[in-house]
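J.: fold the following.
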Amino acid sequence: MEGCSLTGTAVAMGLPRDAIRSVLMGHDSKLSRVIEISKALGLEFYLKQESSDDKNTQEMLEEILSLLRNKNKISEAIAPYDIQELDPETILEHDGAHSTKNHLPIIEVDAAAGAGAFNEQENIISYIAFRPDWLNKHGLKPNSCAIIRVRGDSMEPTFFNKSVVLVDRNRRRRHAGHVYVIRTEDGLVVKRLGKDSEGNWLLVSDNSEWKDAPLPPNAEIIGEVRWTAKTLK
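T.: Below is the predicted model:
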């Protein structure tokens, strides 16, 4: 492209005027747009998924999607999502605006007492399409939400082991009684926040067999849990 007009080249390729300029200026771009530019320039594009255990990743994905597809457990009238699974490669084939409008990523991480991170570098293993009207009604923006799985029984009966939850990373302000995904030294946990008689914050378990614990001073609120899917006992 040396000596060519960036805007003119983009338009000639059928791309938005600033598509190429934005990439060259170092702005983050959707993978769908990078794919389009690569194809237009005749470049090869490779997307490598790295995982510590691909078999476990696939099993986790199949388990989550099986739960989300279980229409017998979830009323058609209130299910907030379309049963439309898109993996990372398939979603790139859609128009960029459509792909990011209402598709929430499923992230390869369990929130429990085990180790784990939950950040922008987490491995996205698939997407699930939620209804735009439901997302708008609850003030949820797809680019700040993610689907993860809950491990353990400390939050039963609210969340059973292997429940799937929607986490809104835009909601990090503490509210007593609300449920959050929290990063501690022991890893990620899903807990309800509460306060003791002196006003100190507590990690509260809905399961009465678990004792409440002080919120560690270095704990980080990742986001608030806004929705769940679970297998009913």
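J.: from now on I want contacts and neighbour counts done on CA atoms only, so please keep to that.
T.: OK.
J.: what about residue 10, how many residues nearby?
T.: 19 (other Cα atoms under 10 Å).
J.: nope, residue 208 is what I meant
T.: When neighbours are counted by other Cα under 10 Å, residue 208 comes out with 12.
J.: doesn't it belong to a strand?
T.: No: judged by DSSP: H, G, I helix; E, B strand; the rest coil, residue 208 forms no part of a strand; its state is coil.
J.: for the one helix or strand residue 35 maps to, list every residue counted as buried.
T.: According to DSSP states H and E, residue 35 maps onto helix 31-41. In terms of neighbour count (16 or more other Cα atoms under 10 Å), helix 31-41 has its buried residues at 32-37.
J.: mind telling me what element residue 59 is part of?
T.: Using DSSP H and E, residue 59 falls within helix 54-69.
J.: same question, residue 149
T.: In the assignment (DSSP H and E), residue 149 maps to strand 145-150.
J.: helices or strands up against the helix or strand that comes right after that strand?
T.: Per DSSP H and E, the first helix or strand lying C-terminal to strand 145-150 is strand 164-168. Here strand 164-168 touches strand 145-150, strand 220-229, going by 3 or more Cα pairs under 8 Å, 6 or more residues apart in numbering; DSSP states H and E.
J.: quick one: secondary structure of residue 21?
T.: Taking three-state DSSP as the rule, one finds residue 21 in the helix state.
J.: my read: it touches residue 5, true?
T.: No: if you go by Cα atoms under 8 Å, residue 21 and residue 5 don't touch, sitting 9.6 Å apart.
J.: hmm, back to that, in the strand holding residue 149, what counts as buried?
T.: Here strand 145-150 shows 145-150 as buried, counting by 16+ other Cα under 10 Å.
J.: outside of that strand, which residues touch it?
T.: With contact meaning Cα atoms under 8 Å, 6 or more residues apart in numbering, strand 145-150 is reached by 64, 104-112, 159-170, 190.
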